[in-house]
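Chemist: Next comes the sequence, and after it the predicted model I'd like to discuss.
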Amino acid sequence: MTQGRPESDPTISDRQGWMGLLARAAPDRLAELMPGPLPTHALLRAPEIGAVMVRGRIGGTGAPFNLGEMTVTRCSVRLEEGTVGHAHVQGRDRDHARRAAVIDALMQGPGAEAVKRSVLDPLARDEAARRHARAARAAATRVEFLTLVRGEDA
Amino acid sequence: MTPPMQTDALTGGFTDAPVDAARAFRAALEALARPGRVQRLTAGTPPAPMSVAAGTLLLTLADGTTPVHLAPSHDTAALREWLVFHCGCPLVEAGQAVFAVGTWAALLPVDRFAIGTPDYPDRSATLVVEVAALEPANARLAGPGIRGEALLMVPDAAVLAANRARFPLGFDSYLTCGDRVAGLPRSTRLEAL
Amino acid sequence: MYVAVKGGERAIDAAHAFLAEDRRGDPGVAELSVAQIRQQLALAVNRVMAEGSLFDPDLAALAIKQARGDLIEAIFLIRAYRTTLPRHGASRPVDTGAMACVRRISATFKDAPGGQVLGPTFDYTHRLLDFALLADGEVPPAPQAPPREGPVPHVTDFLGRDGLIEPVPPCDDAPRDLTREPLELPADRALRLQALARGDEGFLLGLAYSTQRGYGRTHAFVGELRIGTVAVEMDIPELGFAVGIGEIEVTECETVNQFKGSRTEPPQFTRGYGLVFGQTERKAIAMALVDRALRWRELGEDFAGAPAQDEEFVLSHADNIQATGFLEHIKLPHYVDFQAELELIRRLRAEAMASPEAAE
């Protein structure tokens, strides 16, 4: 599945990639991969639980309509050296949002490669495995029709 | 694609949103409930030229469902970004605004703002008028929420009195000055001193 | 007439304590955890999310536990909670064409590209009680097969290519939101779909069934039913671009409806649409049928007077929280109104008794 219809700018599409991955991550797993204490940071916007109205399209492709809300927690931080990180993550876990914002900031700095290896790559592997497990079970329920020979044709 | 925001647009919001917003909401409520009686609003620090009181008011009242109009006196890139980040409010022309912010001169003519409809008088604008002073008084106020009379310096008693004449339609106003605010709902009668 | 009545606080406190004890049940039986409800009563969780209109499985599971399994009470709890949340924004419309499907069937095209994928369905079970579930036991692992890569196109796209089904005009206008402004009639289709998506499953099921029995017949086939996860993306102003903010499971149903043409439209297939949070296919199919029935005006059909065609009737009564609130309030104290009724009846009786006819 594509995340955030990638912009042509590779720095933006990379950032869309990790922000989406962090948003979907299980909070416990993220905390395990990035245990505290987090690097020193100031809160530009303290973790805030709220709702986002999810929209669908009429007939799948037509005019938008409001389907219902989902819980989303957001947070914005600034690291000591000045890099700003943002997060909008699914659910109601404030630590999840704060961690995701800190990682978003770290990923824009010199330590990005290390953070990618220790946090983002394992998250991406978890997600791929989870998706594959569902898809493989669904694939096993695919109907293979057998066309039977009809009486009059025999 | 719009460019990402500058860091100074990201500072100056509430530090403890639930508590700061609850206190500010109480003060905003008191201000409208007791027209002319000055309240303090201190928690937000918006970029210049917006006052602390006006910034705190918008942090408390504005969100994605309340379009805000920045009058020319306040229509700066820094303020636009600050409002979008902290309030998430759409920035609109005067006629669509639920809140409008600016100096009195910049907000004129005020007949551009929504005054509600007979079925929905609440579908009206609230003006946040940045003023240089709240006293000495130049108007006598009377009406709901005022025991006897109250005194206040208002930008233009005649225009505000004309707004009162359309009740229950009309706009409501907050007069903001530094970290101080006075409410002037459409129900208040004014008489120039 | 409503008059505040004081008193009863002690009785209310005791009733709450009694409720809490009954909720827990026999302490000799292990307590149900929210995680167990989320995992093992997932379809109840889905219904509470859909009609509570808030996608959050943990909260829905908690609400079910607190409501002792009364799903409408649980939906009430979720609706009450959601009003406390600040609205961070609205998502981009989800792309159901890019859904990671666990189920995808078509009743109209056997060989639809992408295939017929049954998924975790009750459809071909025999509806015989499985007494093996009385005992705890291991579930044998479900078989797996290599997944096919690539998106699964919507079945109605094929009909659209040949011009046999009404087109869906693309549009990006922001829809009105009935959680933010009062419902005004006539409602456009977007607003109707929002009301149906959060409407009561039982009510929509009954209405949809009534169209099948002839009350506003719509000749519906399930063109496609798909269940799976879709990405949710939102434009973030401080970034200047959209990012993924999560992933949700939804059920989508597109009906293909026979249509002989009308004063304004040529003969072609028409569409009904259902989209619901979670794995909720009965609701999604019912939603699509009712959506189609409500479209009589825009398709130039006649109003047959059927309940499912009547927008005011459907939209005003679909919400089970509004309905149960008004229904159940009549059990609460109405002593003063009733006192007035009593006085009235006594007076009328006295007058009737005193009149010459009564004396005979």
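Modeler: Yep, that arrived. Residues are numbered from 1 along each chain as shown, chains lettered A, B, ... in the order given.
Chemist: Phi, psi for residue 69 please.
Modeler: No chain was given, so I picked chain A. Per-residue torsions, residue A:69: phi -100, psi 160 (degrees, to the nearest 10).
Chemist: What segments of the stretch 51-200 of chain C are strands?
Modeler: Assigned by DSSP state E, counting those that start in this stretch, the strands in the stretch 51-200 of chain C fall at C:54-55, C:87-90, C:100-105.
Chemist: CA atoms only for the second one - export them in CSV, please.
Modeler: Written as CSV, here are the backbone C-alpha positions of strand C:87-90 (Å, rounded to 0.1, in the frame of the first residue of the first chain):
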residue,chain,number,x,y,z
ARG,C,87,-10.9,17.9,16.1
HIS,C,88,-7.4,17.8,14.7
GLY,C,89,-8.7,17.9,11.1
ALA,C,90,-10.2,15.9,8.3
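Chemist: so does that strand get close to chain A?
Modeler: Yes - Strand C:87-90 reaches chain A (Cβ under 8 Å from any Cβ of the partner chain) through C:87, C:88, C:89, C:90. Any C-beta I mention is one placed from the backbone N, CA and C, and that applies to glycine too.
Chemist: can I get these in JSON lines with distance to residue C:180 and pLDDT?
Modeler: Converted to JSON lines, the residues of strand C:87-90 next to chain A look like this (distance: Cβ to Cβ, whole Å; pLDDT from 0 to 100):
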{"residue": "C:87", "distance to residue C:180": "8", "pLDDT": "91"}
{"residue": "C:88", "distance to residue C:180": "14", "pLDDT": "93"}
{"residue": "C:89", "distance to residue C:180": "13", "pLDDT": "92"}
{"residue": "C:90", "distance to residue C:180": "11", "pLDDT": "95"}
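Chemist: from the residues you listed, which two are the most distant?
Modeler: Across the residues of strand C:87-90 next to chain A, no pair lies farther apart than C:88 and C:90, at 8.9 Å, counting by Cβ to Cβ.
Chemist: hey, which of the strands of the stretch 51-200 of chain C is tucked in deepest?
Modeler: When the strands of the stretch 51-200 of chain C are scored by mean count of other Cβ atoms under 10 Å in any protein chain shown, the highest mean neighbour count falls to strand C:54-55 (a mean of 26).
Chemist: ok so, going back, any chance of the strands of the stretch 51-200 of chain C in a markdown table, plus distance to chain B?
Modeler: Formatted as a markdown table, the strands of the stretch 51-200 of chain C follow (distance: least, Cβ to the nearest Cβ, whole Å):
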| stretch | distance to chain B |
| --- | --- |
| strand C:54-55 | 17 |
| strand C:87-90 | 5 |
| strand C:100-105 | 27 |
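Chemist: Was I right to think residue B:43 contacts residue B:26?
Modeler: No - counting by Cβ atoms under 8 Å, residue B:43 stays clear of residue B:26, with 11.8 Å between them.
Chemist: Give me the more crowded residue out of the two.
Modeler: residue B:43 (22 against 12; other Cβ atoms under 10 Å in any protein chain shown).
Chemist: Going by neighbour count, which residues of the longest helix belonging to chain B are buried?
Modeler: Criterion DSSP state H: the longest helix present in chain B is helix B:17-33. Buried positions in helix B:17-33, judged by neighbour count with 16 or more other Cβ atoms under 10 Å in any protein chain shown: B:17, B:20, B:21, B:23, B:24, B:27, B:28, B:31, B:32.
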